[in-house]
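Student: following is a predicted model, sequence given first.
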Amino acid sequence: MNGRIVCNTGPIISLAIIDNLDILRRIFHEVIVPEAVHNELLQGGPDFAGVASYQQSSWIKVQTPSTPVEPLLQTVLDKGEASVIQLARECDADLVLIDERKARKVAREIYGMRVVGSARLLVEAKQLGLINNVKDAITGMRNGGYWIQNDIIDFALRKAGEDE
């Protein structure tokens, strides 16, 4: 995958839950979160899943979009998702990392962005030898309270060759 990725809150939490936030640094040259996402993560408090791991990840760059978020984005998406798309457009990101379906659809269909989610990132991590098993990683995410839809899991397991 490589390149520059702009990340939303959910995938950061999901990877931190399973102690694999470092996957992002190992796959991408630059990992960026908008300030709105940064604030969402920190507002969860010290006991919020993934906050400690996120705070220790000094390699994640926090950036504020230089222009206001487009009105369309503000009306159909939450603040974090909207700022991910806005910032990705401004910094010419190679990919955006978002799990929420509506935000993925907006990024892909309206703005023509390349979008990945947590499950797809795990498949890539397995292919690169960064993790051994996608199913175990997803199970860990779910056990930690992060939900990924069954059809997405089924697709990821097929791509990872774990669909027995």
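Tutor: Thanks, I have it. Numbering: from 1, shown residues only.
Student: all helices of the protein, in order?
Tutor: For the chain, the helices identified by DSSP state H occupy 9-17, 22-27, 35-43, 51-55, 71-76, 79-90, 101-105, 118-127, 134-143, 150-159, in order along the chain.
Student: to residue 2, which of the ones you listed lies closest?
Tutor: Nearest to residue 2 among the helices of the chain is helix 22-27 (7.0 Å), distances taken as CB to CB. Every C-beta, even on glycine, is put in place using the N, C-alpha and C of the backbone.
Student: if we can go back for a sec, point out the most buried one among the helices of the chain.
Tutor: When you average the neighbours per residue for each of the helices of the chain (mean count of other CB atoms under 10 Å), helix 9-17 leads with a mean of 26.
Student: rewinding a little: export the helices of the chain to JSON lines and tack on mean pLDDT and distance to residue 63?
Tutor: Converted to JSON lines, the helices of the chain look like this (pLDDT from 0 to 100; distance: least, CB to CB, whole Å):
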{"stretch": "helix 9-17", "mean pLDDT": "92", "distance to residue 63": "14"}
{"stretch": "helix 22-27", "mean pLDDT": "96", "distance to residue 63": "15"}
{"stretch": "helix 35-43", "mean pLDDT": "92", "distance to residue 63": "7"}
{"stretch": "helix 51-55", "mean pLDDT": "83", "distance to residue 63": "15"}
{"stretch": "helix 71-76", "mean pLDDT": "89", "distance to residue 63": "17"}
{"stretch": "helix 79-90", "mean pLDDT": "96", "distance to residue 63": "6"}
{"stretch": "helix 101-105", "mean pLDDT": "95", "distance to residue 63": "18"}
{"stretch": "helix 118-127", "mean pLDDT": "96", "distance to residue 63": "20"}
{"stretch": "helix 134-143", "mean pLDDT": "95", "distance to residue 63": "26"}
{"stretch": "helix 150-159", "mean pLDDT": "94", "distance to residue 63": "28"}
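Student: check what contacts stretch 113-123 and list those residues.
Tutor: Applying CB atoms under 8 Å, 6 or more residues apart in numbering, the contact partners of stretch 113-123 are 1, 5, 10-11, 14-15, 23-24, 27, 85, 88-89, 93-99, 104, 107-108, 124, 131, 134, 137-138, 141, 146, 148, 152-153, 155-156, 159-160.
Student: lovely, talk soon.
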